[in-house]
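J.: here are the coordinates; sequence isn't available:
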């Protein structure tokens, strides 16, 4: 089970990112749990300046804009 | 089928130079074909050019493809330029920079650093935390939305490069001076307490340097998201503009939006505040107003106010700024826009 956090104030890009993550995970049959982090304090504390940010298993892997499908697939593959 | 589309999507990345050359050529050809095409369409509709309906239709069919084409081109190029600048890099350039030089740099970087208004607050905090002076941060935050690629592309399409450059220069000036003034007022105590106490996590993203293929992808992505988002506004704006073109009498607006109406500039600024992120929809209307006797300064002030001052942004910023700093920010920027409006009306007759 991969723990994934999407950091963003709830804008359209953040919602798109979360649903794209779930879609790619389904395709690859990887079990994930997506948590949305919407408090500004928490977003900034994670070191994200441009939303949405993506944290996979506690590690910040992306910030700013909707991530590319291939990038998501690579995060999910990496153990 | 999937392999075909995947191939079609991959080739710009494998042959970046060829792709750029072909894209530029196709773009130029499309642009050259526009006027004859719009004439043909209007002719085919069998409406007299000289009639109101004819002139409105002409405006609509010519402006829509022209604006969308220029927007696509500018957004693509800016997407590539943006890929050279990240918020993290910009912050590193500005951290510890003295005021003055810092304000100028921040305003300039505001144009080229990718920025989305939903990131305004995290960006603001990230800058201040890293030691970017408050006034310098404001210069960035004012310039970034005001001098954006959509506004520049539309100005270029509708008013030509001189006005587009003028708008850019004045927008930068407002951002630099307003940020510098806010810095001089030393209002650091007007940040909300939690911002000052916050400790950010150190694990930043590794700084990657993208390849040309990545940059082209960034450009195409920008076209997809930005043009995809604003085109409905543009169509509505052009439709309203077309109606004004065809049906409002010449010089009708000269009396209340003209150069001699001193109150027109402040009124335009006030009207612009509640209108948010519709630079795309507002510009075609603005062009039509201009042709009916409105003054350029008034109209530019209106536009700057629409894109730089917005109620939703104020609501977001309230989470980090105390009311006095918000009021100062609004006051200083509004005053700057007012001066731009008056200066324009005074100089250009």
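T.: Cool, the structure landed. Everything numeric in this text was worked out from a predicted model, so none of it was measured.

J.: In chain B, where is pLDDT below threshold?
T.: For chain B, the stretches flagged by pLDDT under 70 are B:1-13, B:46-49, B:199-208, B:250, B:252-256, B:275-279, B:348-349.

J.: Tell me the first helix or strand C-terminal of the longest helix belonging to chain A.
T.: Assignment by DSSP state H gives helix A:12-28 as the longest helix of chain A. For helix A:12-28, the succeeding helix or strand toward the C-terminus, using DSSP states H and E, is strand A:32-37.

J.: do that next one and chain B meet at all?
T.: No. Residues of strand A:32-37 are not located near chain B by Cβ under 8 Å from any Cβ of the partner chain, the shortest gap being 11.4 Å. C-beta here means a position set from N, CA and C on the backbone, and glycine is covered the same way.

J.: what does the helix or strand that comes right after that strand contact?
T.: Toward the C-terminus, strand A:32-37 is succeeded by helix A:40-45 as the next helix or strand (DSSP H and E). Residues outside helix A:40-45 that contact it (Cβ atoms under 8 Å, 6 or more residues apart in numbering or on different chains): A:7-9, A:37, A:51, A:53, B:121-122, B:125-126, B:129, B:194, B:198-201, B:319-320.

J.: Drop anything exposed from those residues.
T.: A:7-9, A:37, A:51, A:53, B:121-122, B:125-126, B:129, B:198, B:200, B:319-320 (16 or more other Cβ atoms under 10 Å in any protein chain shown).

J.: what does chain A put close to chain B?
T.: A:8-9, A:11, A:13-14, A:40-41, A:43-51, A:59-66, A:68.

J.: before we move on, back to that, now, the buried ones among the contacts of helix A:40-45 that are in strands?
T.: Among the buried ones among the contacts of helix A:40-45, DSSP state E puts A:7, A:37, A:53 in strands.

J.: Save those as CSV, and put in pLDDT too.
T.: CSV is the format used below for those (pLDDT from 0 to 100):
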residue, pLDDT
A:7, 89
A:37, 87
A:53, 87
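
J.: out of those residues, which one sits closest to residue B:66?
T.: Distance to residue B:66, by Cβ to Cβ, is smallest for residue A:53 among these, at 37.8 Å.

J.: Can you name the residues that contact the spatially most central residue of chain A?
T.: The residue lying closest to the centre of chain A (Cα atoms, centre = their mean) is residue A:54, at 3.2 Å. Residues in contact with residue A:54 (Cβ under 8 Å, 6+ apart) are A:4, A:5, A:6, A:7, A:17, A:21, A:60, A:61, A:62, A:63, A:67, A:75.

J.: Work out for me the element residue B:270 sits within.
T.: Following DSSP H and E, the helix or strand that holds residue B:270 is helix B:264-272.
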